[in-house]
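*Asks:* 3D model of this:
(chains A and B, ligands or ions: 1)
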Amino acid sequence: MNFDLTGEQRMLQDSLRRFLANEYTFDKRREYINSGKSTDDGIWSAFAEMGLLAYTFPEENDGLGGNAIDTMLVMESFGRALVTEPYLATVVLAGGLIRDNGSDAQKAAILPAIASGEKRMAFAHYEQGARYNLSYVNTSAKSEGNGYVLNGSKAAVIHGYQAHQLIASARTSGNTRDENGLSLFLVDAGADGVTIRDFPAHDGFRTAEVTLNNVKVGVDALVGAADQAFAAIEKVIDQGTAALCAEAVGAMDAMVEATVEYTQTRKQFGVPIARFQVLQHRMADMFIQAQQGRSMAIVAAAYADSDDREARREAISQAKLLIGQGARLVGQAGVQLHGGMGVTDEMWASHLFKRLTLVNLLFGDSDYHLAKVSEALLAKLA
Amino acid sequence: MDLNYTPEQEAFRQEVRHFLQDNLPADIRERMGKRLRHNKDMTVRWQQILHKQGWGASSWPVEFGGPGWDEVRQLIFEEECAMAGAPRQLDFGLRMVAPVIMKFGSDEQKDRHLPGILDGSVWWSQGYSEPGSGSDLASLRTTARREGEYYIVNGQKTWTTLGQYGDWIFCLVRTNDEVKSQEGISFLLIDMETPGIDVRPIIMLDGEHEVNDVFFDNVKVPVENLVGEEDKGWTYAKYLLGHERTGLANVGQWKTMMRRLKEIAREEQDDGKPIIENTRFRDRLAQLDTELRALEITVLRVLTASSDPGPEASILKIRGTEIGQQLFELAMEATGHNAIAHIPDALEPDYDGPLVGSHNAVPAAGDYFNMRKLSIFGGSNEIQRNIITKLVLGL
Ligand SMILES: Cc1cc2nc3c(=O)[nH]c(=O)nc-3n(C[C@H](O)[C@H](O)[C@H](O)COP(=O)(O)OP(=O)(O)OC[C@H]3O[C@@H](n4cnc5c(N)ncnc54)[C@H](O)[C@@H]3O)c2cc1C
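*Replies:* Residues are numbered from 1 along each chain as shown, chains lettered A, B, ... in the order given. Just a heads-up that it's a prediction; the model follows:
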C-alpha cells in the first residue's frame, strides 16, 4: 500500500494549482464563461505547455505515458477552481478512445494534435431516451461504397460545439439496446450533414445536441473494430467517470474550505456563526464526505485503465455512487451554511454547488450506480 | 376522529373549483403549469380577478373586505388555487403587513392601505433583513431619526423579494439606541417613490432577478407612517410571525408539484421506458408522497387545534421546505442530463427555439437551485430547530 504521489506528480499538482490560483480566478472564470465558449485560447495553450494535454498519451505520440492517476490529479485541481475547459471531452474521452482503440495512423494524426493544444474533440454518444444506459443507441451507420453513412442524433455532448472533430457512436448492426453492433466514427464538426446545437450549461460548461443527417465518412473514420465498440465505450465512460469523481473531490474540498472560512467571518448574535455546534457538526459531516469521496476517487483512478471489466465496473460505480451522494450533501450544506449569500450568483459557494449538483447527473447519477453495484452483488451471490 | 371533510367543506371546494375553471386566465395557467418565469402582471391580474369575486384576501375578516373563512376553508381555497395553476398571491401585503395594520395601525392607515392591498393596486415589499442582520434580525441598524413631522431613514435593507416592483415597503428601523436591541425598533411604512431610495438587483444562483438591495439615504418618511407606537416594532413583527400559520407548509403548492412530478415520471424516458418503471426512482417518489401526506395531516391537526399552535408551527416550516426541496430535486433527476442545459429564454411562453429533451427539463435545475432558499429564509431551518428544542422540548 502506498498512497504517496511521485515527485513528478507532486510537481504537476503544485504548478497547476499555482497557475490556476493566478490565472483562473473567480472573475477571470466568469469572463471565459461569458465569452460564450467556456474555453479560453490562452488557458488552453498554457495547459498544453504544462504538458497536461499529453500526460496520458503514449510517448511515441508526443505523450508522457501517464495514467489515470495523473488524470485524477489534474481533474481534482480543476474541480477546486471549477475549470470549464474541454479537458474531459478532448483529452479524457476522445483522446482516451483514440489512445486505446485507434489505428496507428489515427493515433499519429490525432494525439499529437491534442497534446499541442491545436485540436479539440468531443464524444457524441448518449441519445435522448437512453438516460444513462450506454447500449441504447439508435443512430445508424450504413456501409455504403467505400465508407459509411451516419444518421441520428446525440444528446448531452459535452463541449460538442467547441470541438473540431467528434467521435460518434452508431449502430452498424443489431437493435436499440444491443451491446453488439456498435461502432465508433471520427466525424469532422464541419462535415456535410452535421449540425451541432450549442447550449450553455448551468455550471458554466457547454453542452450540445448533435444531428447527423446522411453524413458520409470513409472507412478510415472507423475507430476500432466495427460492431465491437461497446467495450470501448464502456471503458472510456468509466475513465470519464473516474475523472469526474476526482473533479468532484476537488470541488468538495473547496466547498468545505469556503464554508469553514465563511462561518468564521460571518457574525450573528454577536459571535461568528462557526461557534454554533449544529453548524460545526454539519461541517464535520461535509469534511467526512469529502474524505470518503477522496478515497473512492483513488479507487476509481486505480481501476479506470484496467481491462478486468468486472473489477473496473464495480470500482467505478461504487465511486460514483458515494461521490454523487457526497457532492449532494456537501453542496447543499455548503449553501445552507452561507445563508442567503449561498444562493446568490456573487458567491463562490453557489458555483461550487451547481457543479457538484450537475456532476451527479453526468455518466449516471447515484441511483444508476447503486443499481449497478447492486446487480453485480446479486450476480456474485446468486 | 374523522379524516373526511364535512359536506359543507366539500361543497365549498366544488364552488372554488368551478370558479377557478371559469376565471383563471389560460395564459397564466400555462405559465404556472410549465413553470415559466413569473412576472408582475400575472400576480396583479389574478389578484384583481379574485378581488372582483370578493375572494381577494382569503385570510381577512369580513370587516376589512375578506370573506371571513375559517382556517380549513382558507386551506381548501389555497389548495384548489394551487392545483388549478393559479399564481401565489403576494404575501407581503396580504399576509404580512395587513394583519399588523389591522391589529396595531391607526384608522387612517387601515383606510389608506388595506384597499390597495386587496385590489392589487399597491405592491408591497418586506424590508426586514440587512447585510449584518439575518438570523439575528434584532441587531438591525437602519435608523429612523425623528425630525419634526418626519422620520429621516438611513441604512440598507437586503434580500428584498420582488422589491423591483415595490410601491411600498414595510420596514423595521431603529429608533432608539439606548435600550436593549429588541426594544428600540419601530415599524414604518415607506412609499418607495420617496427620494433617497435606491433599489439594486441581486442576481440569484439560477441567474434570475428575484431579490434586491434597498438603500435609504436621508429618506423623509411622514410620522403618520409609523405603525402603532415608537420602539414597539419588534412586538408587531413577532405578532406577524405567529400569525402566519397555514402558509408555512405550502401543502397546496407541494401537492400540485407532486402531481406534476408524477406526470414527469410518466413522460421522461429511462432506457426507452418511462422513468416511473425504474424501481429506485419510484421508491423515492413513493417515499416523498408518503411524507407529503403526513405533512398534510399535521397541518390540518395544527389548524383545527383549539389552542394556538405556537412554536409547533416550526415543524411545518421545516418539513414543508424539506419536502418542497426534494420534489424539485426529483424533478431534476428525472430529466437526467437534459437538466444540464441552461436556456433562460425558454422560460418565456413565446420561446420557439430549440430545447434539450422535453419541456420538463427547462425549469428543472434552475428550480432545484432556487429552492435551496426555502430552508434559509423565513427563519432558517436551523433557527426553527432551535425553536423546537427550546420552546417545545424545553431543553
Ligand atoms: C431568496 C430570499 C428571499 C428573501 N426575501 C426577503 C424579504 O423579502 N425580506 C426580508 O426582509 N428578508 C428576506 N430574506 C432574508 C432571509 O430572511 C434571511 O436570509 C434569513 O433570515 C437568514 O439570514 P442570513 O441570510 O443573513 O443568514 P445568516 O443569519 O448569516 O445564517 C447563516 C447560517 O448560519 C445559521 N445560523 C445562524 N444563526 C444560528 C444559530 N443561532 N444557531 C444555528 N445556526 C444558526 C443559519 O441557519 C444559516 O445556515 C430573503 C432571503 C432569501 C435567500
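
*Asks:* so residue B:125 belongs to a strand, correct?
*Replies:* Yes: the assignment for residue B:125 is a strand, going by DSSP: H, G, I helix; E, B strand; the rest coil.

*Asks:* hmm, residue B:269 and residue B:277 touching each other?
*Replies:* No: here residue B:277 lies out of contact with residue B:269, judged by C-beta atoms under 8 Å, at a distance of 10.0 Å. C-betas here are computed from N, CA, C, even on glycine.

*Asks:* who's in contact with residue 67?
*Replies:* Since no chain was named, I'll use chain A. A:56, A:305 (C-beta atoms under 8 Å, 6 or more residues apart in numbering or on different chains).

*Asks:* my question was about chain B
*Replies:* Applying C-beta under 8 Å, 6+ apart, the residues near residue B:67 are B:54-55, B:57-58, B:60.

*Asks:* look up phi and psi at residue A:229.
*Replies:* Backbone torsions of residue A:229, given as degrees, to the nearest 10, read phi -80, psi -10.

*Asks:* my guess is it meets residue A:180, correct?
*Replies:* No: under the criterion of C-beta under 8 Å, residue A:229 is not in contact with residue A:180, lying 9.7 Å apart.

*Asks:* between residue B:277 and residue B:269, which has more neighbouring residues?
*Replies:* residue B:269 (19 against 13; other C-beta atoms under 10 Å in any protein chain shown).

*Asks:* up against the ligand, what does chain B have?
*Replies:* Residues of chain B lying close to the ligand by C-beta under 6 Å from any ligand atom are B:126-129, B:134-135, B:159-161, B:211, B:373, B:376-377, B:380, B:382-383, B:386.

*Asks:* burial count for residue A:229?
*Replies:* 29.

*Asks:* so how far is the ligand from it?
*Replies:* The spacing between residue A:229 and the ligand, counted by C-beta to the nearest ligand atom, to the nearest Å, is 47 Å.

*Asks:* quick one: residues contacting residue B:73.
*Replies:* Residue B:73 neighbours (C-beta under 8 Å, 6+ apart): B:9, B:12, B:58.

*Asks:* please repeat the previous calculation with a cut-off of 7 Å.
*Replies:* residue B:12 (C-beta atoms under 7 Å, 6 or more residues apart in numbering or on different chains).

*Asks:* among the contacts of residue B:67, who's most crowded?
*Replies:* residue B:57 (24 neighbours).

*Asks:* isn't there a strand covering that residue?
*Replies:* No: according to three-state DSSP, residue B:57 belongs to no strand; its state is coil.

*Asks:* look up how far residue B:60 lies from the nearest residue to it once chain neighbours are set aside.
*Replies:* Spatial nearest neighbour of residue B:57, chain neighbours left out: residue B:66 (4.6 Å); criterion: C-beta to C-beta, 6 or more residues apart in numbering or on different chains. Separation of residue B:66 from residue B:60 (C-beta to C-beta, to the nearest Å): 3 Å.

*Asks:* for residue B:168, same thing?
*Replies:* To residue B:60, residue B:168 is 18 Å away according to C-beta to C-beta.

*Asks:* show the pLDDT at residue B:243.
*Replies:* Looking at residue B:243, its pLDDT stands at 62.

*Asks:* look up how far residue B:305 lies from the residue nearest to residue B:57.
*Replies:* From residue B:66 to residue B:305 the distance is 22 Å (C-beta to C-beta).

*Asks:* pick out whichever of these two has more residues nearby.
*Replies:* residue B:66 (21 against 12).

*Asks:* shouldn't the more buried one be within a strand?
*Replies:* No: with three-state DSSP as the criterion, residue B:66 is coil rather than part of a strand.

*Asks:* check contacts around it.
*Replies:* Per C-beta under 7 Å, 6+ apart, neighbours of residue B:66: B:57, B:59-60.

*Asks:* and residue A:196, by the same measure?
*Replies:* A:160-161, A:189, A:208, A:210.

*Asks:* which one of the residues you listed is nearest to residue B:363?
*Replies:* Lowest distance from residue B:363 to the contacts of residue A:196 (C-beta to C-beta) belongs to residue A:208, with 20.7 Å.
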